[in-house]
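Visitor: all I have is the shape, not the residue letters:
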């Protein structure tokens with residue numbers, strides 16, 4: 001009798017429970033991204049002038065190449081001062097060899113592309129300068145103003 005009751009209870013439980021029903025629900029997820037834009041100036045190759053006292057033609061510098069990359073679509077300006085509008089040329093008289101020169105840039109504005117963009121610091125030195133030197137040739141190794149600074153404003 002106990003077995004009959006047990007079988008009846010189990011059968012009744014199976015009938016009352018029926019098949020399991022699948023269910024689903026959904027919810028939205030909001031993703032917030034805070035991006036800080038940035039420009040990065042790469043290493044600038046040295047700018048080199050080769051000049052002979054009183055030479056008959058202006059000297060043009062070599063070197064000065066560098067890469068810069070900025071956040072996509074972000075406009076920027078490059079120059080020799082850190083200001084809202086950077087100065088695009090830098091006129092200097094070297095304090096070691098007493099030769100005047102002017103630096104410029106191959107371009108002074110751009111728009112970020114997320115990849116390196118190539119630029120050049122250009123340089124010209126006027127003809128006919130004497131310079132200052134105690135030997136047959138000199139360099140400006142001891143100059144206190146031989147390092148110039150580039151800025152990017154974005």
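Guide: Perfect, I can see it now. This one's a predicted model, so the numbers in the text were calculated from it and none came from an experiment.
Visitor: so which strand or helix has the residue nearest to residue 43 when sequence neighbours are not counted?
Guide: Nearest residue to residue 43, sequence neighbours excluded (Cβ to Cβ, 6 or more residues apart in numbering): residue 66, at 6.5 Å. C-beta here means a position set from N, CA and C on the backbone, and glycine is covered the same way. According to DSSP states H and E, residue 66 maps onto strand 65-70.
Visitor: circling back to that earlier point, OK, contacts around the residue nearest to residue 43?
Guide: Contacts for residue 66 (Cβ atoms under 8 Å, 6 or more residues apart in numbering) come out as 41-45, 118-121, 150.
Visitor: quick check: it vs residue 38, distance?
Guide: Distance of residue 66 to residue 38, given as Cβ to Cβ, to the nearest Å: 16 Å.
Visitor: any idea how far the closest residue to residue 145 other than its chain neighbours lies from residue 140?
Guide: Spatial nearest neighbour of residue 145, excluding adjacent residues (Cβ to Cβ, 6+ apart): residue 95 at 5.2 Å. Counting by Cβ to Cβ, the separation of residue 95 from residue 140 is 8 Å.
Visitor: which of those two has more neighbours?
Guide: residue 140 (16 against 13; other Cβ atoms under 10 Å).
Visitor: so the more buried one sits right up against residue 97, yeah?
Guide: Yes - Residue 140 lies in contact with residue 97 (Cβ atoms under 8 Å); the separation is 5.0 Å.
Visitor: and the nearest residue to residue 38 once chain neighbours are set aside, what does it touch?
Guide: If the residues on either side of it in the chain are set aside, residue 38 comes closest to residue 71, at 6.0 Å by Cβ to Cβ, 6+ apart. By Cβ under 8 Å, 6+ apart, the residues touching residue 71 are 35, 37-39, 112, 114, 154.
Visitor: which one of those is nearest to residue 125?
Guide: residue 39 (29.6 Å; Cβ to Cβ).
Visitor: now the longest strand along the chain and strand 65-70, what's the angle there?
Guide: Counting by DSSP state E, the longest strand found in the chain is strand 117-125. Per axes from the mean of the first three to the mean of the last three Cα atoms, to 10 degrees, the angle that strand 117-125 makes with strand 65-70 is 140 degrees.
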